[in-house]
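Peer 1: Following is a predicted model, sequence given first.
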Amino acid sequence: MAKEPQIQNNDPETTGHEWDGIQEFNNPLPRWWVWVFYLTIVWGIWYSVAYPAWPGIREATAGYMGWSTRANVAEEIAAAEAANAGINEKLASVELTAIQGDDELQGYATSAGAAVFKTWCAQCHGSGAAGAKGYPNLQDDAWLWGGTMEDIHTTVTHGIRNEEDPDARYSEMPAFGEILEKEEIGQVVNYVMTLSGQEPRDAEAATAGEQVFLDNCAACHMDDGTGDRAQGAPNLTDAIWLYGGDYDTVHDTVTYSRFGVMPPWNQRLSEAEIRAVTTYVHQLGGGE
């Protein structure tokens, strides 16, 4: 057993805690430590009054110093815009085709356009612009409305099939389920599959589907199925599909049609930003 500890006359009082014969003295904290502790309390109270701290129903208290992270960001954005004002003005005013002939302007537009794309376009077209089901791949050379700088600029500016801009690109495929018989839809779907080199489900139906195609689809997709950019009619021979090229998906497309919408970005972006993202998309690999 542990020996009973001997309390000396000059020892301080104990806290009453004891373990294995060891008693805990009730020594006072160092004076400097106590004052630092009090100072942190005072500093905490001042900080909660000076800066945003106390949550409210709609927002936190503003603090008498008026500090705001949003204001700081706004100042930084304003400073960046002021620094780039000259080159943005140049970008917004030169001919679109002249951007690629100016190394400085091309480099700036590509860099700025990448930022615009990742902020506003990546949600649909993907961060790498490879697209997704229903959203075009911007890296290839298959363009519904054309892949020149002017074509891309028009598409970005006014959008596609939206009601916000009267100059939006517009095309609409009929829902042939309301026009053709089920047998005819099956025939034309089988025929469309052969246009891209696929094996049809029914070769006999595919043969009959050629006439159905010529009577109902060739006006937009052309007799040979290569499409018409002026109407936004896809090329059906290149095996590049926006919604999918298997029998069931093509059958749904013919029966019910598709109606993808792209917003007009001239209501959200400046002309310089539109030209920057146009340049960025154009140089991804499929620009013409």
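Peer 2: Received the coordinates, thanks.

Peer 1: Going by C-alpha atoms from here, please, whenever you check contacts or count neighbours.
Peer 2: Will do.

Peer 1: Helices of the stretch 1-150 of the chain, residue ranges please.
Peer 2: In the stretch 1-150 of the chain, the helices defined using DSSP state H, counting those that start in this stretch lie at 31-50, 69-83, 85-93, 103-116, 122-125, 149-158.

Peer 1: Now do the domain split for the protein, please.
Peer 2: For the chain, automatic domain parsing gives the domain ranges 97-171+267-288, 173-258.

Peer 1: what's the nearest residue to residue 200 if we skip its chain neighbours?
Peer 2: Using Cα to Cα, 6 or more residues apart in numbering and skipping residues adjacent in sequence, the residue nearest residue 200 is residue 190, 5.0 Å away.

Peer 1: Give the other helices and strands that whichever helix or strand the one you found is part of contacts.
Peer 2: Per DSSP states H and E: residue 190 is located in helix 182-195. Here helix 182-195 touches helix 203-216, helix 247-256, going by 3 or more Cα pairs under 8 Å, 6 or more residues apart in numbering; DSSP states H and E.

Peer 1: now the angle between helix 182-195 and the first one, please.
Peer 2: For helix 203-216 against helix 182-195, the angle between stretch directions is 100 degrees (axes from the mean of the first three to the mean of the last three Cα atoms, to 10 degrees).

Peer 1: Now do the next helix or strand after helix 203-216: distance to the chain's middle.
Peer 2: The first helix or strand that comes after helix 203-216 along the chain, using DSSP H and E, is helix 218-221. Counting by Cα atoms, centre = their mean, to the nearest Å, helix 218-221 is centred 33 Å from the centre of its parent chain.

Peer 1: Contacts for stretch 152-161 next, please.
Peer 2: 145-146, 165, 167-171, 259-266, 274-275, 278, 281-282 (Cα atoms under 8 Å, 6 or more residues apart in numbering).

Peer 1: Tell me the buried residues within those.
Peer 2: Neighbour-count burial (16 or more other Cα atoms under 10 Å) is assigned, among the contacts of stretch 152-161, to 145-146, 165, 167-170, 261-266, 274-275, 278, 281-282.

Peer 1: taking those one by one, which sit in strands?
Peer 2: Counting by DSSP state E, no part of the buried ones among the contacts of stretch 152-161 is found in strands.

Peer 1: Spell out which strands sit alongside the longest strand along the chain in the sheet and which way each one runs.
Peer 2: The longest strand of the chain (DSSP E) is strand 14-19. Using DSSP bridges, the strands paired with strand 14-19 are strand 22-25 (antiparallel).

Peer 1: Report the rounded mean pLDDT for the strand it pairs with.
Peer 2: Here strand 22-25 scores 83 as its mean pLDDT.

Peer 1: Could I have the CA atoms of that strand written out in CSV?
Peer 2: C-alpha atoms of strand 22-25 as CSV (Å, rounded to 0.1, in the frame of the first residue of the first chain):
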residue,chain,number,x,y,z
ILE,A,22,-1.0,11.4,-4.7
GLN,A,23,-2.9,14.6,-3.7
GLU,A,24,-3.6,17.5,-6.0
PHE,A,25,-2.5,20.9,-4.7
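
Peer 1: For it, list every residue counted as buried.
Peer 2: Under the neighbour-count criterion of 16+ other Cα under 10 Å, strand 22-25 has nothing buried.

Peer 1: what does stretch 205-223 give?
Peer 2: 205-214, 217-218, 220-222.

Peer 1: Residues touching it, excluding its own?
Peer 2: By Cα under 8 Å, 6+ apart, the surrounding residues in contact with stretch 205-223 are 184, 186-192, 194, 200, 224-225, 227-228, 231, 233-236.
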